[in-house]
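K.L.:
Got a predicted structure plus its sequence, pasted below:
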2 protein chains.
Amino acid sequence: MSSSKRTTKLEVESPVPADIDIANSVEPFHISEIAKDLNLSPNHYDLYGKYKAKVLLSVLDELEQSDDGYYVVIGGITPTPLGEGKSTTTVGLCQALGAYLDKMVITCLRQPSQGPTFGIKGGAAGGGYSQVIPMDEFNLHLTGDIHAITAANNLLAAAIDTRIFHESTQSDKALFNRLCPPNKQGKRKFSDIMFRRLKKLGITKTQPEDLTPEEAAKFARLDIDPNSITWRRVMDVNDRFLRKITVGQGPEEKGMARETGFDISVASEIMAVLALTTSLADMRERLGKMVIGNSKAGDPITADDLGVGGALTVLMKDAINPTLMQTLEGTPVLVHAGPFANIAHGNSSIVADKIALKLVGPQGFVVTEAGFGADIGTEKFMNIKCRYSGLRPHCAVIVATIRALKMHGGGPEVVAGKPLDPAYLSENIPLVEAGCVNLARHIVNTKAYGVNVVVAVNKFSTDTEAEMNAVIHASMAAGAFDAVICTHHAHGGKGAVELGVAVQKACASVNQPLNFLYHLDISIKEKIEAIARSYGASGVEYSEQAEKQIEMYTKQGFSGLPICMAKTQYSFSHNAAQKGAPSGFILPIRDVRASIGAGFIYPLVGTMSTMPGLPTRPCFYEIDLDTTTGKVIGLS
Amino acid sequence: MSSSKRTTKLEVESPVPADIDIANSVEPFHISEIAKDLNLSPNHYDLYGKYKAKVLLSVLDELEQSDDGYYVVIGGITPTPLGEGKSTTTVGLCQALGAYLDKMVITCLRQPSQGPTFGIKGGAAGGGYSQVIPMDEFNLHLTGDIHAITAANNLLAAAIDTRIFHESTQSDKALFNRLCPPNKQGKRKFSDIMFRRLKKLGITKTQPEDLTPEEAAKFARLDIDPNSITWRRVMDVNDRFLRKITVGQGPEEKGMARETGFDISVASEIMAVLALTTSLADMRERLGKMVIGNSKAGDPITADDLGVGGALTVLMKDAINPTLMQTLEGTPVLVHAGPFANIAHGNSSIVADKIALKLVGPQGFVVTEAGFGADIGTEKFMNIKCRYSGLRPHCAVIVATIRALKMHGGGPEVVAGKPLDPAYLSENIPLVEAGCVNLARHIVNTKAYGVNVVVAVNKFSTDTEAEMNAVIHASMAAGAFDAVICTHHAHGGKGAVELGVAVQKACASVNQPLNFLYHLDISIKEKIEAIARSYGASGVEYSEQAEKQIEMYTKQGFSGLPICMAKTQYSFSHNAAQKGAPSGFILPIRDVRASIGAGFIYPLVGTMSTMPGLPTRPCFYEIDLDTTTGKVIGLS
């Protein structure tokens, strides 16, 4: 079935109106109509209001025998702080494929954090005539997945501090007796989750009474080293005052105060788990094996050691189902997971992509976005996400703008909130040409995975034909399969038809297997160095702390995990000011951390903020509800 | 239309199985079937999965001309720490009215906090054969209302600290200029919300340029006194280590650390606003006028002063719609709001009750529960909730148990988690009779509002006929309209048929107007004293702090608000150990606080915990997901 019957005829205006005005000008289809076009039967989805539905994982069982569609990943060149329109291009390309090229298509997007919506950045539903609607529902609450992550993350945090507290006031025996209290018949028993810890400790006995006092103590006393705790609390609000806090200062907590902090919810490891999991059973295991810190003896302590892995899974059971929405032109969108792109892998979920590939079927297209520039987003898409999913992309798109290329060519600094320098508003071909070194390296790196690369030049009204031709020329010279100009911001899907055709051709002609950048069985350092080389680095320098952590994770048996670099998106290097395609630098690794449940080691290149702040005049000053119509106003 | 066609035939077992096993043994109806029985058209509700729907406020406009049904409030005697089955009786009564007495009926319940579900208490969906299903959906996430409250509460908290921070580093002029930045045309303008603050300051100018430097400073600098801030952050998790914390310890916060703490989300004033609001427009106003503290000059600072009242409303726009669920016997339930019963008024929402009264229509019944004993729950139902709603109840039920009456008669202490003393398990009529003083005072107090009082004795298997007869006799002697024995826990609606008949008669025969306990125009102290007298107190003693606060609120113009006493539920007095019907005591008022947006002043009688903790072995040890069936296990 073609999806074109759902097409909304967009009547575009020029100049392009505000995003919210465009979003409000289109009446969305009831989401059951969108589901019907995908041949989704009502027993495979749950409605959440009129314009959102959760697609249930059960659909994967039913479509197990069906063939997948083409799989397209959208990356970008190294961006300016203004962003180069990667989400907008993702949506625009899908509107073109679905509404103009008569293809089955699904857009897979990340769910944005609610924090920035009220802070500086505003929403993340695309822009202009390439958007996901309803925009307010996309940006706020959605179907509650991030709220579920917040709840689960913080239940685990509460379990940690409370456990340390109770262990500090009880003997081994009292602790064991409270953990295994007698039932009404006076008999003690282990709850199911306790067998996970018993197994880890090598205890095969099944009756509490049979444990020796030493075994009982080993079982009951986790002996968490408070200084080793890496698990922080989270909240989906830009609250800078929670970055560093002291908890436990109440008199009832008996002086057990501890320094810690909050991250924004999307930085939770549980978000990364959601994005990388492949089934309910897999999610249960990943949540249970998340490591929150070490015992004083240096053993990793997990959520299951704390008895809470099952409860976390219960809190996340609905969140595992992706949310179906629609674009301005009525093509289907799956919104699911939104992990950080530095301390996590910055890609939407595996389950959404898998469901989408089955639903579009052969000859259909699934377009998924990878966060940040291709050095980070596409690299992690390939080496982490595809490694866990077993999926392989047929085509990688790299989004470029004349603005960003000029910056890489030596143009003046681009600062959010300040007027653009005139260099960016009038023709300057040498600046563009010089900047194409950045694009070229992204093309070469991406092509090395064995996929065809299509460059999408996201055209702004001030860009000239000659500037754009320079980019196309440079793209082809660097090995791109194709390079095209897009005007989807101004024209919707119609403005990305050429891109859609190029992507189709690229998908149809791919014939190599996926080449990972590194194998999992080499050492942590060798993996870090392979990625560093792709950045142009000539070497890697490890801090003492990083060395210590690498040694610890290796000893703990975690060295076989893939690597998730936490690096600035504003340069190939660690230095955001180094534009273009720097090389010969030494990449410094400040620290190394791990998300064991999600399944990656993340080296920190520099300092990453995991909790944004609010400016003096946040976006929320404009946001209100029209209480007569019930419509949201002022959302950007 | 009768609701009886939705009846599920319950096959009861004896002894009564575990709540979760009963809940899982009944296949719920699709919620659209329940909606259909209520004559709710699909455009008046949004589905949230198969078993939950949000009923939209728009239905009130459509049914504006319809007559209301009977309105029944369920209170209780002063409880033991084990609870006396008020929720279970509420559900059981409705199952009787709907499934056995062929009446249109809706149960209005509070949404429980998720925290205790994983802590000690377990869920709150009723019990035995009188429950709301699906039990896991009722207890976890529901339709996201509490998550929305958490998000809104914490956005306001972030706005407070950030504003203080930015004010500390900027001149009046810089601050004003950042709050009203020039647009692309170089023109400054006020955003809509700013006119609220301008109006409060008595500034009628509409252009930023026209303000004098003094006016601009007054407008831009809120000058919040950090020591006066009463707004705390919230989280729906039992996390005792957040009770008292220090925030702002990061280097970027430049030494602006501040002591504060987290409450559990349901303790947020926003929860109380949700419960007391009557429309979107009313909610917008209440959220905007919530007071977070004072300026250094002593003026109250509101959410609208911070520019965030509109954004809070946007976050709460879906939460204002009650959630439709069902009982084990297929009768409809509206779940909505769950404010604390001490620092707030402990009643479910006005909008749910209003919608329900229209939907059941004349001769139909709406049964709503008031938290804690009748001294607290029913009192606040009458003097706060009915005052704001304009609704009046036709009948008040008081739930009593032999167990609690024995305790009031002088029986040994009842402690949660410890075996009951034999006094509670064998017949002891004198103990029961002595305890009826507690019940009698609740009857007299409740009757004084001008409603008929029906006593429901929630029968346990160990209660004897003679004991129950003693209660019935004492009830009638104290002025009850009727008093009946119920066995809905063991038998479902069938066990509450007699109660249903008594409630019907009580509703049909009421003929007085609602008498409030106090008028709003008397002083704060006079109101406190009127309530104290209803407890049996001979006087009230105010701490210095309480005197100061009363003076401040009076000066600020808030003395016309109703009073919400924050008192223990375990005694009529402030001392939980004083059982029965104490009198002649002096009620101590430790402090007085206010929820200006919600609309009440709350005096603190003793210390109230607003953040529960987790025990050594929390409920979560038993909770897991069967990843094959997707079913939750171990929830209690």
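P.N.:
Received it, and whenever you're ready, just let me know what you need. Residues are numbered from 1 along each chain as shown, chains lettered A, B, ... in the order given.
K.L.:
which SSE is residue A:500 in?
P.N.:
Element membership for residue A:500 (DSSP states H and E) is helix A:497-508.
K.L.:
Give the helix, strand or coil label for whichever residue of the stretch 301-450 of chain A sits closest to chain B.
P.N.:
Nearest residue of the stretch 301-450 of chain A to chain B: residue A:310, at 2.9 Å (C-beta to the nearest C-beta). C-beta: built from backbone N, CA, C; applies to glycine. What DSSP: H, G, I helix; E, B strand; the rest coil gives for residue A:310 is helix.
K.L.:
go on, residue A:546?
P.N.:
helix.
K.L.:
pLDDT score assigned to it?
P.N.:
pLDDT, the model's per-residue confidence, is 98 for residue A:546.
K.L.:
same check, this time on residue A:418
P.N.:
As predicted, residue A:418 sits at a pLDDT of 83.
K.L.:
That one - how many residues pack around it?
P.N.:
Look at residue A:418: counted by other C-beta atoms under 10 Å in any protein chain shown, it has 9 neighbours.
K.L.:
Please apply the same query to residue A:38.
P.N.:
The number of residues packed near residue A:38 is 26, by other C-beta under 10 Å.
K.L.:
List the residues that contact it.
P.N.:
A:3, A:104, A:106, A:332, A:359-360 (C-beta atoms under 8 Å, 6 or more residues apart in numbering or on different chains).
K.L.:
hmm, back to that, tell me how far the residue of the stretch 301-450 of chain A closest to chain B lies from residue A:211.
P.N.:
22 Å (C-beta to C-beta, to the nearest Å).
K.L.:
ok, now residue A:164?
P.N.:
Taking C-beta to C-beta, one finds residue A:164 at 22 Å from residue A:211.
K.L.:
re earlier: hmm, who's touching the next helix or strand after the helix holding residue A:500?
P.N.:
Next along the chain after helix A:497-508, taking DSSP H and E as the criterion, comes helix A:524-535. Contacts of helix A:524-535 with the rest of the structure, by C-beta under 8 Å, 6+ apart, involve A:375, A:379, A:383, A:445, A:517-518, A:520, A:522, A:539-540, A:542, A:550, A:553-554, A:559, A:562-563, A:565, A:567, A:572-573, A:587, A:589, A:592, A:601, A:603.
K.L.:
CA-only coordinates of stretch A:475-486 in PDB, if you can.
P.N.:
Extracted in PDB, the C-alpha atoms of stretch A:475-486 (Å, rounded to 0.1, in the frame of the first residue of the first chain):
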ATOM      1  CA  SER A 475      31.400  16.100  -2.100                       C
ATOM      2  CA  MET A 476      31.800  14.100  -5.300                       C
ATOM      3  CA  ALA A 477      35.600  14.600  -5.200                       C
ATOM      4  CA  ALA A 478      35.600  13.200  -1.700                       C
ATOM      5  CA  GLY A 479      33.800  10.100  -2.800                       C
ATOM      6  CA  ALA A 480      30.100  10.900  -2.200                       C
ATOM      7  CA  PHE A 481      27.600   8.800  -4.100                       C
ATOM      8  CA  ASP A 482      25.600  11.900  -4.800                       C
ATOM      9  CA  ALA A 483      25.200  15.500  -3.500                       C
ATOM     10  CA  VAL A 484      22.000  17.500  -3.800                       C
ATOM     11  CA  ILE A 485      20.400  20.800  -2.700                       C
ATOM     12  CA  CYS A 486      17.400  20.600  -0.500                       C
END
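K.L.:
Show me what counts as buried in it.
P.N.:
Across stretch A:475-486, burial judged by 16 or more other C-beta atoms under 10 Å in any protein chain shown covers A:475, A:478, A:480-486.
K.L.:
Also stretch A:268-288?
P.N.:
Across stretch A:268-288, burial judged by 16+ other C-beta under 10 Å covers A:268-280, A:282-288.
K.L.:
ok, the residue lying closest to residue A:563 once chain neighbours are set aside to residue A:390 distance?
P.N.:
Setting aside the residues directly before and after it, residue A:563 is nearest to residue A:527 in space (C-beta to C-beta, 6 or more residues apart in numbering or on different chains), at 4.5 Å. Distance from residue A:527 to residue A:390, counting by C-beta to C-beta: 20 Å.
K.L.:
ok, the two, which is more surrounded?
P.N.:
A side-by-side neighbour count of residue A:527 and residue A:390, using other C-beta under 10 Å, places residue A:527 first with 24 against 10.
K.L.:
circling back: please check the contacts of helix A:524-535 and keep the buried ones.
P.N.:
Buried members of the contacts of helix A:524-535, counted by 16+ other C-beta under 10 Å: A:375, A:379, A:383, A:445, A:517-518, A:540, A:542, A:550, A:553, A:559, A:562-563, A:565, A:567, A:572-573, A:587, A:589, A:592, A:601, A:603.
K.L.:
What residues are bridge-paired with residue A:633?
P.N.:
Judged by DSSP bridges, the bridge partners of residue A:633 are residue A:624.
K.L.:
That one touches residue A:627, doesn't it?
P.N.:
No. Applying C-beta atoms under 8 Å as the test, residue A:633 and residue A:627 come out as separate, 10.5 Å apart.
K.L.:
could you pull out the helices for the stretch 101-250 of chain A?
P.N.:
In the stretch 101-250 of chain A, the helices defined using DSSP state H, counting those that start in this stretch lie at A:115-118, A:135-139, A:145-169, A:172-179, A:194-200, A:213-220.
K.L.:
closest one to residue B:254 among the ones you listed?
P.N.:
When the helices of the stretch 101-250 of chain A are compared by C-beta to C-beta, helix A:115-118 sits nearest residue B:254, at 21.4 Å.
K.L.:
how about stretch A:612-629: buried residues?
P.N.:
Across stretch A:612-629, burial judged by 16+ other C-beta under 10 Å covers A:612-614, A:616-625, A:627.
K.L.:
picking up where we left off before, which ones among the buried residues of stretch A:475-486 come in contact with chain B?
P.N.:
By C-beta under 8 Å from any C-beta of the partner chain, no member of these lies near chain B.
K.L.:
Just the residues contacting stretch A:377-385, thanks.
P.N.:
A:73, A:75-76, A:275-276, A:341, A:345-347, A:350, A:368-371, A:393, A:396, A:398, A:442, A:445-446, A:449, A:514, A:516-518, A:531, A:534, A:562-565, A:599-600.
K.L.:
average pLDDT for it?
P.N.:
98.
K.L.:
From residue A:352, how far off is residue A:636?
P.N.:
As judged by C-beta to C-beta, residue A:636 and residue A:352 stand 26 Å apart.
K.L.:
Looking only at neighbour counts, state which of the two leads.
P.N.:
Per other C-beta under 10 Å, whichever of residue A:636 and residue A:352 has more neighbours is residue A:352, with 27 against 15.
K.L.:
Okay, and that one sits in which element?
P.N.:
In this assignment (DSSP H and E), residue A:352 forms part of helix A:350-360.
K.L.:
Can you give the strand pairings for the helix or strand just after that helix, parallel or anti for each?
P.N.:
Going down the chain from helix A:350-360, the next helix or strand is strand A:365-369, by DSSP H and E. Applying DSSP bridges, strand A:365-369 is found paired with strand A:70-76 (parallel), strand A:105-109 (parallel).
K.L.:
Please put the alpha-carbon coordinates of whichever helix or strand comes after strand A:365-369 into PDB.
P.N.:
Under the assignment DSSP H and E, the closest C-terminal helix or strand after strand A:365-369 is helix A:377-380. The C-alpha trace of helix A:377-380 is given here as PDB (Å, rounded to 0.1, in the frame of the first residue of the first chain):
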ATOM      1  CA  GLY A 377      26.500  10.300  15.800                       C
ATOM      2  CA  THR A 378      27.200   8.200  12.700                       C
ATOM      3  CA  GLU A 379      30.300   6.500  14.300                       C
ATOM      4  CA  LYS A 380      28.200   5.500  17.300                       C
END
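K.L.:
How far off centre is helix A:377-380?
P.N.:
Chain-centre distance of helix A:377-380: 11 Å, with C-alpha atoms, centre = their mean, to the nearest Å.
K.L.:
same check, this time on stretch A:494-505
P.N.:
On the basis of C-alpha atoms, centre = their mean, stretch A:494-505 sits 26 Å off its chain's mean C-alpha point.
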